[in-house]
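Asks: pasting a predicted model and its sequence here:
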Amino acid sequence: MTVANAIEQACPGRRLVYFGDLARTPYGSKSPETIQKYSRQNIEFLLGKGAKLIVVACNSAASVAAEEMRREFQQPIFDVIGPAVAKVGQIVGAASAKATRIGVIGTRATIKSGIYSRKIHELMPDAAVYSTACPLLVPLVEEGWLSKRETKMILRRYLQPLKIKRVEALVLGCTHYPLLKELIQPRIGKQVKIIDSSLEVAVSLREYLARHPEDDEIEREGGSSEFYVSDITEAAVATARKIFGRPIDLVKV
């Protein structure tokens with residue numbers, strides 16, 4: 001939802017078809033094979049609803065399934081990882097000769113894949129990348145525990161090793177984490193640049209549409225945005241309203 005909201009802001013006037021697989025989350029604790037199977041099913045569902053461009057709005061799915069999905073489907077498929085890595089280069093300076101320290105937090109699947117470390121080193125070979133899996137954060141966000149004392153304590157525990165390493169930038173390698181940004185910043189340090197993969201993929205999509213007006217026209221075709229989920233909970237309804245700033249009609253499928 002954070003990605004869908006960011007796309008709404010960056011690319012106004014486009015019709016979005018959103019699918020949130022709430023019944024089978026979190027993906028971060030699943031095997032790569034299972035995540036690929038779910039991703040395939042999700043994309044087929046979205047294409048069946050008329051989607052022409054696909055955004056894999058989940059770091060866990062992007063880390064282990066995006067490349068495979070690009071081989072299987074002919075439609076353009078965007079993911080949240082590449083744009084976030086590009087932003088790392090912009091912020092800390094890809095051309096800088098000095099070594100830089102980059103932190104990455106994400107689910108177990110994303111961190112275990114090593115994709116952020118690999119892609120950052122492709123861009124910045126001398127960078128030191130410190131990655132930390134934060135498996136408890138997704139359930140806390142989905143339960144709406146955004147300002148609970150327990151959430152703050154868990155965040156402090158997860159971020160402490162990265163704070164000790166004095167990272168200069170922190171990649172939020174999960175699209176649930178932007179909802180915790182206000183808690184993360186003071187606990188990692190005000191001087192640390194936080195990179196939100198949700199915002200960066202929206203900017204990347206906007207730039208793509210500007211370069212491909214034929215696809216832009218398709219995405220501007222009539223109709224309102226649709227929001228589908230595989231399960232509906234009170235917490236999901238409340239979280240959707242918080243993210244979008246308005247009530248969202250979630251349709252269970």
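Replies: In hand now; what should we look at? Residues are numbered from 1 along each chain as shown.
Asks: read off the pLDDT value for the residue nearest to the spatial centre of the chain.
Replies: Nearest to the mean C-alpha position of the chain, counting by CA atoms, centre = their mean, stands T175 at 3.3 Å. T175 carries a pLDDT value of 88.
Asks: what's it in contact with, if anything?
Replies: Counting by CB atoms under 8 Å, 6 or more residues apart in numbering, T175 makes contact with 2-3, 57-59, 80, 197-198. Yep, even glycine has a C-beta here, placed from its N, CA and C like the rest.
Asks: then P32?
Replies: Applying CB under 8 Å, 6+ apart, we find P32 in contact with 64-65, 109, 113.
Asks: among the contacts of T175, which are in helices?
Replies: Judged by DSSP state H, the subset of the contacts of T175 located in helices is 2-3, 59, 197-198.
Asks: where does the prediction get shaky in the chain?
Replies: Applying pLDDT under 70 to the chain flags the ranges 93-99, 216-223.
Asks: redo that, cut-off 80
Replies: Low-confidence segments of the chain, defined by pLDDT under 80: 92-99, 214-223.
Asks: could you pull out the helices for it?
Replies: 2-10, 32-48, 59-72, 81-92, 108-113, 115-123, 137-142, 149-164, 181-188, 197-211, 213-219, 234-244.
Asks: residues near the nearest residue to F73 once chain neighbours are set aside, how many?
Replies: Distances taken as CB to CB, 6 or more residues apart in numbering place I43 nearest to F73, at 6.1 Å, with adjacent residues excluded. Applying other CB atoms under 10 Å, we find 21 residues neighbouring I43.
Asks: identify the residues contacting I43.
Replies: 54, 69, 73, 77 are the contacts of I43 under CB under 8 Å, 6+ apart.
Asks: next: D215.
Replies: 52-53, 76, 208-209.
Asks: now list the buried members of those.
Replies: Buried members of the contacts of D215, counted by 16 or more other CB atoms under 10 Å: 53, 209.
Asks: switch the helices of the chain over to TSV; also include distance to G20.
Replies: Formatted as TSV, those follow (distance: least, CB to CB, whole Å):
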stretch	distance to G20
helix 2-10	9
helix 32-48	10
helix 59-72	12
helix 81-92	19
helix 108-113	17
helix 115-123	22
helix 137-142	10
helix 149-164	21
helix 181-188	20
helix 197-211	14
helix 213-219	20
helix 234-244	7
